[in-house]
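Trainee: what's the 3D shape of this:
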Amino acid sequence: MDVSDELYQARLLKLERLRARGIDPYPARWRRTHTTAGARAAFEAAESARGPDPGEVRVAGRLVGFRSMGRLTFAHIQDGAGRLQLAFRQDVLGAEAYGLLRELDLGDFVGAAGTLFRTRTGEVTVEVRDFAVLAKALRPLPEKWHGLTDVEKRYRQRYLDLIVNERSRRTMETRSRVIAAAREFLNSRGFIELETPVLQTSATGAAARPFVTHYEALDQDVYLRISLELYLKRLIIGNFDKVYEIGRVFRNEGLSTKHNPEFTMLESYEAYADYNDVMRMVEELVAHVAGSVLGTLTVTFAGHRIDLTPPWNRITLRDAIKQFAGIDFEDYPDAESLAARAAELGLRVDPARGRGKIIDRLLQEFVEPKLIQPTFVLDYPVEMSPLAKRKPDNPRLVERFEGFVGGMEVANAYTELNDPVDQRERFLEQRRRLLAGDEEAEQVDEDFLIALEHGMPPTGGLGLGIDRLVMLLTDNQSIREVIPFPHLRPLPPE
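Mentor: Numbering: from 1, shown residues only. Alright, predicted model coming up:
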């Protein structure tokens, strides 16, 4: 709808008429004594003799219902706490004030003052003695009976989605509570939260193509971080034993129901811990969050009943791929032979991308969708994990796990590599891959290597996807449903 639309123009005329009567349709303030839910609770407490008579209440919210019956008009307002009915009577307000109701539309914000009563139908209602326009809405809400069902419009105009779709609103409230519960859990275990740079001079910490921007004051290209990892490790080197950050990370890659280029990651690092300690912490953290937010450790996701109670299942990566794909990757020591075996299963992969990429594809295609109940997959080939510590009994593997629930990865963690010589060699191998055309290969972070050469204690690190955890706990199968404002393709020109 553009500004020439008939409905828009009609509302604009009402705005002008209000101003002509000396009424500011966008006042700076309104003193509110109760939310809608608070007003209802106060009345019910007084009604049952559990509390005092609330007397006059002052409430405010968006008009979402309006029904005029001559000299009596009923309306409903909605605020962040719920809905409440208002009753406007001409004999109470006077003809002039009552006539102002003609200038109101659904979507307007109003404030109302009056006493509470219960109607014959049993609904708690404000008998309005005074009211004010707090914000005149020039555009209408989505059609009342059909709501906002167009998925693209719901994401593009999330504010409308939150007004008319209660499930979307509950999802966002749950998201906030999930983050708060995760913080509570880590803080209670002695972790401290610190922020690390979003703009970084090298894109390291994950296998992903970065976003590039330019720092004008320094005439320097920088990257939006793809991970929180290497700066949090610098804090471990700086003698913080337990640190974490919940922050946005950015990866210049495709969109899907599980991927958004901008998403929220929780990363934690604990000195003198290994990946076994982190595994136990993850299952306890997720159980704590679910219990705090939902009051249960059993959730339903995509039609599956999932029990988050620790301990979770554990299986090695080798055994998982053998079980679900019928391939033992140890029988294929190079990329060419493994790619040929994968092709027999219908999986087309480019050997030039390396053996680790092929193993990762086997995991994604054949294993991940089968891991519905919480499962840790352990012990990855070293070429898949340039920042993880080798297993003492098998240097071809690293002490790494990924956590899967509901057929998707929710966590990635490892015993951190703290050998600066080995780390430098692995970074150089990543550089060779980058020069060979692998845009997801990690860059060399020389400053981090210098920090590591000053000594980092044995450390267990974790990355946990907040968005996917919220998906799981709210039974949403698309990541766009749990991100308040997901990235969308630009609209085509009109």
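
Trainee: Next, work out how far apart R139 and A113 are.
Mentor: From R139 over to A113 the distance is 27 Å, taken as C-beta to C-beta, to the nearest Å. For glycine as for every other residue, the C-beta is placed from the backbone atoms N, C-alpha and C.

Trainee: Out of these two, name the residue with the larger neighbour count.
Mentor: A113 (20 against 13; other C-beta atoms under 10 Å).

Trainee: which ones are touching that one?
Mentor: Contact criterion C-beta atoms under 8 Å, 6 or more residues apart in numbering gives 56-59, 128-131 as the residues in contact with A113.

Trainee: could you flag which of these are buried?
Mentor: Among the contacts of A113, the ones that count as buried by 16 or more other C-beta atoms under 10 Å are 57-59, 128, 131.

Trainee: Counting only helices, which of these make the cut?
Mentor: Counting by DSSP state H, no part of the buried ones among the contacts of A113 is found in helices.

Trainee: Looking at these, spot the one nearest T415.
Mentor: Closest approach to T415 among the buried ones among the contacts of A113 (C-beta to C-beta): V59, at 55.9 Å.

Trainee: re the thing from before, switch the buried ones among the contacts of A113 over to CSV; also include distance to V377.
Mentor: Listed next are these as CSV, based on distance: C-beta to C-beta, whole Å:
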residue, distance to V377
V57, 56
R58, 57
V59, 53
V128, 61
F131, 60
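
Trainee: Greatest separation within those residues: which pair is it?
Mentor: Comparing all pairs in the buried ones among the contacts of A113 by C-beta to C-beta, the longest separation belongs to V57 and F131, at 12.5 Å.

Trainee: still on that earlier bit, so which of the buried ones among the contacts of A113 belong to strands?
Mentor: 57-59, 128, 131 (DSSP state E).

Trainee: okay if I get the residues you listed as TSV plus pLDDT and distance to V198?
Mentor: As requested, those are arranged in TSV below (pLDDT from 0 to 100; distance: C-beta to C-beta, whole Å):
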residue	pLDDT	distance to V198
V57	97	44
R58	98	42
V59	98	40
V128	97	48
F131	97	45
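
Trainee: Closest one to R480 out of these, please.
Mentor: Nearest member of those to R480, counting by C-beta to C-beta, is V59, at 33.6 Å.

Trainee: ok now do that closest one, which residues does it touch?
Mentor: When contacts are counted by C-beta under 8 Å, 6+ apart, V59 touches 32-36, 39, 77, 79, 84, 86, 111-113, 126.

Trainee: what do you get if the cut-off is 6 Å, keeping everything else the same?
Mentor: With contact set as C-beta atoms under 6 Å, 6 or more residues apart in numbering, V59 has these partners: 34, 39, 112.

Trainee: Now rank those residues by neighbours and give me the top one.
Mentor: Across these, the neighbour count under other C-beta under 10 Å reaches its highest value at A112, namely 25 neighbours.

Trainee: I'd say it and L86 touch.
Mentor: Yes: taking contact to mean C-beta atoms under 6 Å, the distance of 5.2 Å between A112 and L86 places them in contact.

Trainee: Need the residues touching each of these two.
Mentor: When contacts are counted by C-beta under 6 Å, 6+ apart, the set common to A112 and L86 consists of 126, 128.

Trainee: beta partners for A413?
Mentor: Beta-bridge pairing of A413, defined through DSSP bridges, involves F401, L462.

Trainee: so what's F250 bridging to?
Mentor: Judged by DSSP bridges, the bridge partners of F250 are E262.

Trainee: tally of neighbours for it?
Mentor: Applying the criterion other C-beta under 10 Å, we find 20 residues in the vicinity of F250.

Trainee: Then L338?
Mentor: L338 has 24 neighbouring residues, counting by other C-beta under 10 Å.

Trainee: Kindly confirm my reading that it forms part of a helix.
Mentor: Yes: secondary structure of L338, determined by DSSP: H, G, I helix; E, B strand; the rest coil: located in a helix.

Trainee: Could you find the closest non-adjacent residue to it?
Mentor: On the basis of C-beta to C-beta, 6 or more residues apart in numbering, the spatially nearest residue to L338 that is not a chain neighbour turns out to be Y332, at 3.8 Å.

Trainee: Tell me, what's the model's pLDDT at the one you found?
Mentor: Y332 is assigned a pLDDT of 93 by the prediction.

Trainee: Does it touch A342 like I think?
Mentor: No: using C-beta under 6 Å, Y332 makes no contact with A342, being 8.9 Å away.

Trainee: Out of the contacts of A113, which is nearest to R19?
Mentor: Of all the contacts of A113, the one sitting nearest R19 is F131; the distance, using C-beta to C-beta, is 17.3 Å.

Trainee: And for the closest one, nearest residue in space, chain neighbours not counted?
Mentor: Beyond its immediate neighbours in the sequence, the residue positioned closest to F131 (C-beta to C-beta, 6+ apart) is A112, lying 4.5 Å away.

Trainee: Can you tell me the SS state at the one you found?
Mentor: Each residue gets one of three states, and A112 gets strand by three-state DSSP.

Trainee: residue contacts, it?
Mentor: Contacts for A112 (C-beta under 6 Å, 6+ apart) come out as 59, 86, 126, 128, 131.

Trainee: mind running it again at 8 Å?
Mentor: 58-60, 77, 86, 126, 128, 130-131.
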